[in-house]
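[1] Next one to model:
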Amino acid sequence: MMKKTSIIGLVLVFVLISCGKDDRNNLTTLSGIYTETSPVNGRSQLRFINGNTVIITKGGSSYEDEFNYEILHNIINLTPTWDSSISTELGFEIISDSKFIIENLYPSIPENPATYMTFEREDEFVNKTTDALIIGFVTEKCYCCWGWVIKVGTETIKAGQIPNLNPSENTVFPIKVRITIGQKTTDCSDRTIDMTRLPDYYEIRECTLLK
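    The predicted structure is shown next:
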């Protein structure tokens, strides 16, 4: 009986280890425009599109290089879309939902230690005036839960307050509005429900009801 128990225990340990390895092997994809902030602020830009494509603009040039990419084990593999026979592996680490570091994209002396560049995603909502739909109000008072839920295009944001609007049980959703969005007030990148990332909070500077 002891032998059977030991064997079962070893099998369970092996399964858990295997699952852990599988989780670490999951590919990561990015979206949006990321701009270099270090070592040279604004010098380079990476635009991630279509789940596996990145367009790189360097040195303020209008010329763009397009690559297919894969991110795995803190490595990004870049394959030119014009020549799939060659590829480059660079060190890569995601710092947060809107920030990563990547091994230097510019030519360097091979014998020197690897250097890294920092990129941060541009916030498409800040200082934007746009039509939107207010689709609900969450009354649950927990971190990244409470507040107005706003649909802007295909994206969702939240707000603690909206000028000239007060939530009530008689509020009918959705509400068509034109809003001016201010700064991000709360980053919810570390909060998820059922594996879904919760929306960030923004200041709503102005709100006009639309018919």
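
[2] mind listing the helices for the protein?
    Applying DSSP state H to the chain gives helices spanning 2-24.

[3] got a list of what the residue nearest the centre of it touches?
    Nearest residue to the geometric centre of the chain (Cα atoms, centre = their mean): residue 97, 4.2 Å. Residues near residue 97 by Cβ atoms under 8 Å, 6 or more residues apart in numbering: 121, 187, 189, 190, 197. Where you see a C-beta, it was placed from the backbone N, CA and C, and this is true even at glycine.

[4] do that again at 6 Å, thanks
    Counting by Cβ atoms under 6 Å, 6 or more residues apart in numbering, residue 97 makes contact with residue 189.

[5] same check, this time on residue 87
    77, 79.

[6] returning to what we had before: any idea how far the residue nearest to the centre of the chain lies from residue 190?
    Using Cβ to Cβ, to the nearest Å, we find residue 97 at a distance of 8 Å from residue 190.

[7] What of residue 152?
    Note on residue 152: its distance to residue 190, by Cβ to Cβ, is 22 Å.

[8] These two: who's more crowded?
    residue 152 (18 against 11; other Cβ atoms under 10 Å).

[9] doesn't residue 133 make contact with the more buried one?
    No. With contact defined as Cβ atoms under 6 Å, residue 152 does not count as touching residue 133 (8.2 Å).

[10] For residue 32, give the beta-bridge partners.
    In this entry, residue 32 is beta-bridged to residue 48, by DSSP bridges.

[11] give me the number of residues near it?
    By other Cβ under 10 Å, 13 other residues sit near residue 32.

[12] Correct me if wrong: it contacts residue 121.
    Yes. At 4.9 Å, residue 32 counts as touching residue 121 under the criterion of Cβ under 6 Å.

[13] Who does residue 57 form a beta bridge with?
    residue 45, residue 64.

[14] Can you pull out the low-pLDDT segments for this structure?
    1-27, 60 (pLDDT under 70).

[15] If we use 50, what do you get?
    Applying pLDDT under 50 to the chain picks out residues 1-26.

[16] How is it partitioned into domains?
    Following automatic domain parsing, the chain resolves into domains at 32-121, 129-209.

[17] remind me, longest strand of this protein?
    Longest strand in the chain by number of residues, with DSSP state E as the criterion: strand 175-186.

[18] for that one, which positions count as buried?
    Residues of strand 175-186 classed as buried by neighbour count (16 or more other Cβ atoms under 10 Å): 175, 177, 179, 181, 182, 184, 186.

[19] Stretch 53-70 now?
    Those would be 54, 56, 57, 67, 69, for stretch 53-70 by 16+ other Cβ under 10 Å.

[20] Report the contact partners of residue 200.
    Residue 200 makes contact with 184, 187, 188, according to Cβ under 6 Å, 6+ apart.

[21] Enumerate every residue touching the last one.
    Put plainly, it is residue 188. Counted by Cβ under 6 Å, 6+ apart, residue 188 has contacts 144, 198, 200.
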